[in-house]
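*Asks:* Only the shape, not the letters, is given here:
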């Protein structure tokens, strides 16, 4: 991420379209938080854990994170509200970064609401899986935009890059868990391979996603933190809860460690390169 910032001398003037974009992001954030509360069962009714006959609960498959893992949504939603407010400030109205990010972030929040509708209201695990795949692709696009646009300082880095990075990392884990839940709910028997084997394969793929994000983002920490968080809670769920599966638990621990170690290594290597380049100037 470049440390450069937009300046008043180079920034194009704000337009009415910028105001519309800011309002759309704000409204999308409020809608996402309200629907998340509904989906959690805060106002009564069916919760995500009970939806679709429990197919999306923490005990539905061997790659489902333990219940505590989902507390990360509180941090993500708080960050999304902070981002929505931050991007709505007059100073951010015409910045290149938020012009490029705005509607993509709004789309991600509406897709998240759509996932809750598919899972809780319709009880369709496969429709929810389709929605979350689109969501993770949108978040990947956001990740690329964040990387290729200049931040406006440390507040922007935390509110924008931090929040959206956590969002991407966690949804990456949730996508894996959702697809696995859909397969199990449909009666997939694993072609006679054990649940531990398939869990190791799936968790290995999740680790590869984390490694790819580490290299693509040059060691950005936020996606790695939430991805590793999710993987770690899969390990807790399999080693201490139901369904118990030692192979899946160990695979999740290894996957979580790989994501963190590779990300830190890439970040450290990037830091050494930057230091060397600075000395040469």
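*Replies:* Now that the structure is in, tell me what you want to look at. The shown structure was predicted, so the numbers you read here are calculated from the model rather than taken from an experiment.
*Asks:* List the buried residues of whichever strand or helix holds residue 210.
*Replies:* Here residue 210, judged by DSSP states H and E, is contained in helix 195-216. Within helix 195-216, the residues scored as buried using 16 or more other Cβ atoms under 10 Å are 195-196, 198-200, 202-203, 206-207, 209-211, 213-214. Backbone N, C-alpha and C define where each C-beta goes, glycine included.
*Asks:* Let me know the closest of these to residue 18.
*Replies:* residue 213 (29.9 Å; Cβ to Cβ).
*Asks:* mind listing what residue 181 touches?
*Replies:* Taking Cβ atoms under 8 Å, 6 or more residues apart in numbering as the criterion, residue 181 is in contact with 55-56, 60-61, 64, 125, 129.
*Asks:* if we can go back for a sec, name the helices or strands packed onto the helix holding residue 210?
*Replies:* Other helices and strands packing on helix 195-216, by 3 or more Cβ pairs under 8 Å, 6 or more residues apart in numbering; DSSP states H and E, are helix 125-148, helix 163-185, helix 221-240, helix 246-280.
*Asks:* Taking helix 163-185 as reference, get the angle to the longest one.
*Replies:* In other words, helix 246-280. Angle, helix 246-280 to helix 163-185, by axes from the mean of the first three to the mean of the last three Cα atoms, to 10 degrees: 160 degrees.
*Asks:* do the first one as well
*Replies:* Angle of helix 125-148 versus helix 163-185, following the same axes, to 10 degrees, is 160 degrees.
*Asks:* Name the next helix or strand following helix 125-148 along the chain.
*Replies:* Going down the chain from helix 125-148, the next helix or strand is helix 154-156, by DSSP H and E.
*Asks:* any idea how far that next one is from the chain center?
*Replies:* Chain-centre distance of helix 154-156: 19 Å, with Cα atoms, centre = their mean, to the nearest Å.
*Asks:* Pull out the buried positions in it.
*Replies:* For helix 154-156, the neighbour count (16+ other Cβ under 10 Å) marks residue 156 as buried.
*Asks:* what do you get for stretch 120-132?
*Replies:* 120, 123-132.
*Asks:* which other residues reach it?
*Replies:* By Cβ under 8 Å, 6+ apart, the list of residues contacting stretch 120-132 reads 38-39, 45-48, 51-53, 55-56, 111, 114-115, 118-119, 171, 174-175, 178-179, 181-182, 185-186.
*Asks:* could you flag which of those residues are buried?
*Replies:* For these, buried by 16+ other Cβ under 10 Å: 38-39, 47-48, 51-52, 55-56, 111, 114-115, 118-119, 171, 174-175, 178-179, 181-182, 185.
*Asks:* and the two most separated of the buried residues of helix 195-216?
*Replies:* Spatial extent of the buried residues of helix 195-216 (Cβ to Cβ) is set by the pair 195 and 214 at 28.4 Å.
*Asks:* separation between the closest residue in space to residue 155 that isn't next to it in sequence and residue 146?
*Replies:* Spatial nearest neighbour of residue 155, excluding adjacent residues (Cβ to Cβ, 6 or more residues apart in numbering): residue 86 at 7.2 Å. According to Cβ to Cβ, to the nearest Å, residue 86 and residue 146 sit 14 Å apart.
*Asks:* what sits in contact with each of those two?
*Replies:* Common neighbours of residue 86 and residue 146, using Cβ under 8 Å, 6+ apart, are residue 160.
*Asks:* So for these two, which residue has more residues nearby?
*Replies:* Neighbours of residue 86 and residue 146, each counted by other Cβ atoms under 10 Å, are more numerous for residue 146; the result is 24 against 20.
*Asks:* Show the contacting residues for that one.
*Replies:* Contact partners of residue 146, counting by Cβ under 8 Å, 6+ apart, are 1, 97, 101, 160-161, 164-165.
*Asks:* How confident is the prediction for residue 275, by pLDDT?
*Replies:* In this model, residue 275 is scored at 59, pLDDT.
*Asks:* Please disregard the earlier target; I meant residue 37.
*Replies:* 81.
*Asks:* ok now whichever strand or helix holds it, how far from the chain's centre?
*Replies:* Following DSSP H and E, one finds residue 37 within helix 16-39. Its chain's C-alpha centre and that of helix 16-39 lie 18 Å apart, by Cα atoms, centre = their mean.
*Asks:* Residues contacting it, please?
*Replies:* Taking Cβ under 8 Å, 6+ apart as the rule, helix 16-39 contacts 43, 45, 47-48, 73, 77, 80-81, 83-85, 87-88, 92-94, 98-99, 102-103, 105-106, 109-110, 112-113, 116-117, 119-120.
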